[in-house]
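Visitor: Turn this into a model:
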Amino acid sequence: MGDKHTKSFLLGAVIGGVLGGVSALLFAPKSGEKLRKDIKKKYSEASDKAHELVSEMTEHAQELVEKAKEIAEDTKETAQSLIKEFRKR
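Guide: Down below sits the predicted model:
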């Protein structure tokens, strides 16, 4: 549950940063060409950061899946062992 809140927070932070950056660029007194370059640069930076966050989240999710598989296998082995033990009695 905490991971969902973390993802939401990070997504909100990235979106807020992009919107804040674009707003600052739009209200700054610059030429159209300079403004377009700045917006493109900020978009590129935000896009790179978003891709990095997605990559980190994907890696983290894969680690959690592997851990869950290990726990499930351990639980299965324990259950089978208990069933065998119970049947012997």
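
Visitor: Assign the most centrally placed residue in the chain to helix, strand or coil.
Guide: Nearest residue to the geometric centre of the chain (C-alpha atoms, centre = their mean): Met57, 3.3 Å. Using DSSP: H, G, I helix; E, B strand; the rest coil, the structure places Met57 in helix.

Visitor: Looking at it now. What's its pLDDT?
Guide: You'll see Met57 listed with a pLDDT of 87.

Visitor: was I right about it contacting Lys7?
Guide: Yes: Met57 lies in contact with Lys7 (C-beta atoms under 8 Å); the separation is 6.4 Å. All C-beta atoms are positioned from the backbone trio N, CA, C, and that covers glycine.

Visitor: circling back: next up, the contacts around the residue nearest to the centre of the chain.
Guide: Lys7 (C-beta atoms under 8 Å, 6 or more residues apart in numbering).

Visitor: would you list every one of the helices in the chain?
Guide: 2-27, 32-88 (DSSP state H).

Visitor: now stretch 78-88, how far from the centre of its chain.
Guide: From the chain centre to the centre of stretch 78-88 is a distance of 41 Å (C-alpha atoms, centre = their mean, to the nearest Å).

Visitor: mind starting the numbering at 632 from now?
Guide: In the new count, where the first residue is 632, that last one comes out as stretch 709-719.

Visitor: Export only the CA atoms of that stretch, formatted as CSV.
Guide: Backbone C-alpha positions of stretch 709-719 (Å, rounded to 0.1, in the frame of the first residue of the first chain) are rendered in CSV as follows:
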residue,chain,number,x,y,z
THR,A,709,6.3,-26.4,4.5
ALA,A,710,2.6,-27.3,3.8
GLN,A,711,3.6,-30.5,2.0
SER,A,712,5.9,-31.4,4.8
LEU,A,713,3.2,-30.9,7.4
ILE,A,714,0.7,-32.9,5.4
LYS,A,715,3.2,-35.8,5.1
GLU,A,716,3.8,-35.6,8.9
PHE,A,717,0.1,-35.5,9.6
ARG,A,718,-0.6,-38.5,7.4
LYS,A,719,2.1,-40.5,9.2
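
Visitor: what comes up buried for the worst-scoring helix or strand of the chain on mean pLDDT?
Guide: Every helix and strand of the chain was ranked by mean pLDDT, DSSP states H and E. The lowest is helix 633-658, at a mean of 76. Using 16 or more other C-beta atoms under 10 Å as the test for burial, helix 633-658 gives Leu641, Val645, Val649, Gly652, Leu656.

Visitor: Nice, that's everything, thank you.
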